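**Student:** Turn this into a structure:
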Amino acid sequence: QLQFVESGGGLVQPGGSLRLSCAASGSLGYYGIGWFRQAPGKEREGVSCISSNGGRTNYADSVKGRFTISRDNAKNTVDLQMNSLKPEDTAVYYCAAVRGPACLVVGNAFGSWGQGTQVTVSS
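**Tutor:** So this is what the prediction gives:
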C-alpha cells in the first residue's frame, strides 16, 4: 500500500510562497494524486489534484489562480506551488492517491495518509 510523505511546509507571511512536495513508498506514476488540507476544527478538504500523466489538473475554487500542481514521474514526486498565501490557507497539508474524476473529494483518496506538513500563514 502506498505510504505518503509530505514536506515543504513552514511559516510564511501573507502574500508569500511555499512549495510542497509529495513522495511515496511506491511508484506514483500509476495514480492520480491529490493534495488535501485540514485546518484546526475543520474537515479535511481537497485542494488540488493531477492525473497520472499530468494532463489534467483540478483546483478548489479557494486556491484557483494561486496554487499550481505539477508532477515529475521520473523523480516520483508531486509538488504544490502555493503563491499569494492567505491566513485562511493555514492548515496541515496531505497528499494521497485519488480515484475517479471527482479527485478533490476526500472519500476518493486512498493509500496511507502521511503525517502531513504544516503550513502557517501569519504576520
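**Student:** buried residues in the helix or strand hosting Ile69?
**Tutor:** Per DSSP states H and E, Ile69 falls inside strand 67-72. In terms of neighbour count (16 or more other CB atoms under 10 Å), strand 67-72 has its buried residues at 67-69, 71. To be clear about C-beta, it is placed using only N, CA and C from the backbone, and glycine gets the same treatment.
**Student:** In those residues, find the pair that's most separated.
**Tutor:** With distance counted by CB to CB, no two of those lie farther apart than Phe67 and Arg71, which are 14.0 Å apart.
**Student:** what stretches of this structure score poorly on pLDDT?
**Tutor:** Along the chain, the model assigns pLDDT under 70 to no residue.
**Student:** next one: stretch 35-42 to chain centre, how far?
**Tutor:** Once both centres are worked out by CA atoms, centre = their mean, to the nearest Å, stretch 35-42 turns out to sit 11 Å from its chain's centre.
**Student:** Could I have the CA atoms of it written out in CSV?
**Tutor:** Listed next in CSV are the C-alpha coordinates belonging to stretch 35-42 (Å, rounded to 0.1, in the frame of the first residue of the first chain):
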residue,chain,number,x,y,z
TRP,A,35,-3.4,17.5,-2.2
PHE,A,36,-5.7,17.9,0.7
ARG,A,37,-5.6,20.1,3.8
GLN,A,38,-7.1,20.2,7.2
ALA,A,39,-7.4,23.3,9.3
PRO,A,40,-8.0,23.1,13.1
GLY,A,41,-11.6,22.3,13.9
LYS,A,42,-12.4,21.8,10.2
